[in-house]
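In: okay, here's the prediction I keep looking at, along with the sequence it came from:
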Amino acid sequence: MKIRTVLAVVYLLHFSFASADVTIEQCVEKAMANYPIIKMYNLLAAANEIELADINKGWLPRIGVYGQFTAQNVVPSFPEALSGILQNMGQEMRGMGKIQYKVGADLSQTIWDGGVSKASREVSHTREAVQRAGLDVELYQVRQRVENLYFAMLLTQEQIEQSRITYRLLCDNLDKLRSMYSNGVAMQSDVDMMEAQELTVNQAIVQARSALDGYRKALELFIGESLENETIAMPTGEIPLDIEPDRPELKLFDYRQEYNEAANRFADTSLMPRIGLFAQGYYGYPGFNYFQSMINRDLSFNFIAGVKVSWNIDSFYTKSNRSRKTAISTAEIAADREAFLFNTRIQSAVQTEAIRGIRNMMKDDGRIVALRSNVRKAAESQLDNGVIEIIALLTKISDENLAMLASKYHEILLLQEIYKLKYTLDR
């Protein structure tokens, strides 16, 4: 069962709980669609969209506006000999002013970022994939919890049904004993013993009903719908033929590896140079023409533009260690995958053998129930003739009840083990 397939199918279901018996598959699908963590999928998509938008904006021009005022103790000046010559020629040289001020703007535009934006997008996509796979794993666990509740309800219902059958037998035999007591052929202690057993079985029914209500309420919280007055259907299942697991955890390992590789490619972009255009303009004093700024201290417009290439080689020093870290991370992911597959295969082997054992045990269930029923009927016949002790009859009624309950328990247990195997393999 694939998580996203389940979520897609559940919204297309045209049936409702009111029109048919509730199935275990319906409960699982509705529980997954109702689980609060489902909201995280949309939140992850929205967060990734914002991150990608920010990455793409890295190609937009960068504009910075500034204002500057400085006072300097030393400024560029003409040599005294040259200043004297100019003064003799009638040219006043005031020199550069020590008070300087300007307002301006810087503009830069990336032409090539060394692959940073592309690598950043890959990192963002793979990070989201890892997070989604993590949600898939967490959501997949809901399936097991719902199935456990479902089978707990089935077992409790069978316990109630078998207890009702036993209760009716006890009531019938209690009526016989009371009649026999009225006719003087039975003792009051026999009647009391039968009635006590009847009340004990009735208490067990009340307790089982309380447990059933608890399981039902828990399942209702999972699926987000009421199961009041609904009948849950007995599942049908066959052992999966393909025993190779296809769990969401395996997808998580794949995405973790993809993220690891994307992060390594992003780190490699630090080895590449950057190329960009730049422009700078300001209005103030001094201007780019220092000679003119020494003659007069008028404000002027100044502008410069060009191409800039930058290359930081510091990353070359750590490239070797970074490659080793990537290799270690890859090996860790591979080890996690191998351990998961190993444990899963062991678990599936144990569950397969458990299924085979239950099936072998079920071969004699029908015969045991028939024999216990025959013994109980014979004991009731002896009761009619007054030749059996009440304690012996109660024992035989209890034996028959246990045999019938064990038979039903084995049927449900077999189905539960099959669904556990399906869960283990994601089938």
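Out: Sure, I can see it.

In: Asn73: how many residues sit nearby?
Out: By other C-beta atoms under 10 Å, 5 other residues sit near Asn73. Backbone N, C-alpha and C define where each C-beta goes, glycine included.

In: so it touches Lys98, yeah?
Out: Yes: applying C-beta atoms under 8 Å, one finds Asn73 in contact with Lys98, separated by 7.0 Å.

In: in the chain, where's the longest helix?
Out: helix 116-182 (DSSP state H).

In: who touches stretch 218-232?
Out: Stretch 218-232 has contacts (C-beta atoms under 8 Å, 6 or more residues apart in numbering) with 17-18, 21-24, 27, 30-31, 34-35, 142, 145-146, 149-150, 153-154, 157, 216.

In: tell me the domain ranges of the chain?
Out: Domain assignment for the chain by automatic domain parsing gives 3-59+117-272+316-425, 61-112+274-310.

In: out of the ones you listed, deepest packed?
Out: Highest mean neighbour count among those (mean count of other C-beta atoms under 10 Å): domain 3-59+117-272+316-425, with a mean of 16.

In: and stretch 281-291, end to end?
Out: 19 Å (C-alpha to C-alpha, to the nearest Å).

In: all helices for the stretch 201-350 of the chain, in order.
Out: Along the stretch 201-350 of the chain, counting by DSSP state H, counting those that start in this stretch, helices occupy 248-268, 290-295, 315-362.

In: what angle do the helix or strand just after the longest one and helix 116-182 make?
Out: Put plainly, it is helix 315-362. Downstream of helix 315-362, the first helix or strand assigned by DSSP states H and E is helix 365-385. Compare the direction of helix 365-385 with that of helix 116-182 by axes from the mean of the first three to the mean of the last three C-alpha atoms, to 10 degrees and you get 20 degrees.

In: which residues touch helix 365-385?
Out: For helix 365-385, the external contacting residues (C-beta under 8 Å, 6+ apart) are 169, 173, 176-177, 388, 390, 392-393, 396-397, 399-400, 402-404, 406-407, 410.

In: tell me how far it lies from the chain's centre.
Out: The chain centre lies 53 Å from the centre of helix 365-385; the measure is C-alpha atoms, centre = their mean, to the nearest Å.

In: stretch 311-323 now?
Out: 36 Å.

In: how about it as PDB, C-alpha atoms only?
Out: The C-alpha trace of stretch 311-323 is given here as PDB (Å, rounded to 0.1, in the frame of the first residue of the first chain):
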ATOM      1  CA  TRP A 311      37.500  33.300  -7.000                       C
ATOM      2  CA  ASN A 312      37.900  32.200  -3.400                       C
ATOM      3  CA  ILE A 313      40.400  29.300  -3.300                       C
ATOM      4  CA  ASP A 314      39.900  28.500   0.400                       C
ATOM      5  CA  SER A 315      37.500  25.700  -0.500                       C
ATOM      6  CA  PHE A 316      40.300  23.800  -2.100                       C
ATOM      7  CA  TYR A 317      41.900  23.300   1.300                       C
ATOM      8  CA  THR A 318      38.800  21.400   2.600                       C
ATOM      9  CA  LYS A 319      37.800  19.600  -0.500                       C
ATOM     10  CA  SER A 320      39.500  16.300   0.500                       C
ATOM     11  CA  ASN A 321      37.900  16.200   3.900                       C
ATOM     12  CA  ARG A 322      34.500  17.100   2.500                       C
ATOM     13  CA  SER A 323      34.700  14.200   0.000                       C
END
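
In: for it, give me every contacting residue.
Out: The contact list for stretch 311-323 (C-beta under 8 Å, 6+ apart) reads Asn264, Ala267, Asp268, Ser270, Leu271, Met272, Pro273, Arg274.

In: next, find the distance separating the last one from Ile346.
Out: In this case it means Arg274. Using C-beta to C-beta, to the nearest Å, Arg274 is found at 53 Å from Ile346.

In: also the fourth one?
Out: When C-beta to C-beta is the yardstick, Ser270 and Ile346 sit 44 Å from each other.

In: cool, the second one as well?
Out: Counting by C-beta to C-beta, the separation of Ala267 from Ile346 is 38 Å.

In: what's the longest helix of the chain packed up against?
Out: Here helix 116-182 touches helix 3-10, helix 24-34, helix 39-56, helix 188-223, helix 248-268, helix 365-385, helix 390-425, going by 3 or more C-beta pairs under 8 Å, 6 or more residues apart in numbering; DSSP states H and E.

In: quick one: mean pLDDT for the fifth one?
Out: It refers to helix 248-268. Averaged across helix 248-268, pLDDT comes to 92.

In: dump it to PDB, restricted to CA.
Out: Taking C-alpha atoms only, helix 248-268 is exported to PDB below (Å, rounded to 0.1, in the frame of the first residue of the first chain):
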ATOM      1  CA  PRO A 248       8.200   3.800   2.700                       C
ATOM      2  CA  GLU A 249      11.400   3.600   4.700                       C
ATOM      3  CA  LEU A 250      13.200   2.400   1.600                       C
ATOM      4  CA  LYS A 251      12.100   5.600  -0.300                       C
ATOM      5  CA  LEU A 252      13.400   7.600   2.700                       C
ATOM      6  CA  PHE A 253      16.800   6.000   2.300                       C
ATOM      7  CA  ASP A 254      16.800   6.800  -1.500                       C
ATOM      8  CA  TYR A 255      15.900  10.400  -0.900                       C
ATOM      9  CA  ARG A 256      18.500  10.700   1.900                       C
ATOM     10  CA  GLN A 257      21.200   9.600  -0.600                       C
ATOM     11  CA  GLU A 258      19.900  12.000  -3.200                       C
ATOM     12  CA  TYR A 259      20.000  14.800  -0.700                       C
ATOM     13  CA  ASN A 260      23.500  13.800   0.300                       C
ATOM     14  CA  GLU A 261      24.700  13.900  -3.300                       C
ATOM     15  CA  ALA A 262      22.900  17.300  -3.900                       C
ATOM     16  CA  ALA A 263      24.600  18.800  -0.800                       C
ATOM     17  CA  ASN A 264      27.900  17.600  -2.000                       C
ATOM     18  CA  ARG A 265      27.400  19.200  -5.500                       C
ATOM     19  CA  PHE A 266      26.400  22.400  -3.700                       C
ATOM     20  CA  ALA A 267      29.600  22.400  -1.700                       C
ATOM     21  CA  ASP A 268      31.600  21.900  -4.900                       C
END
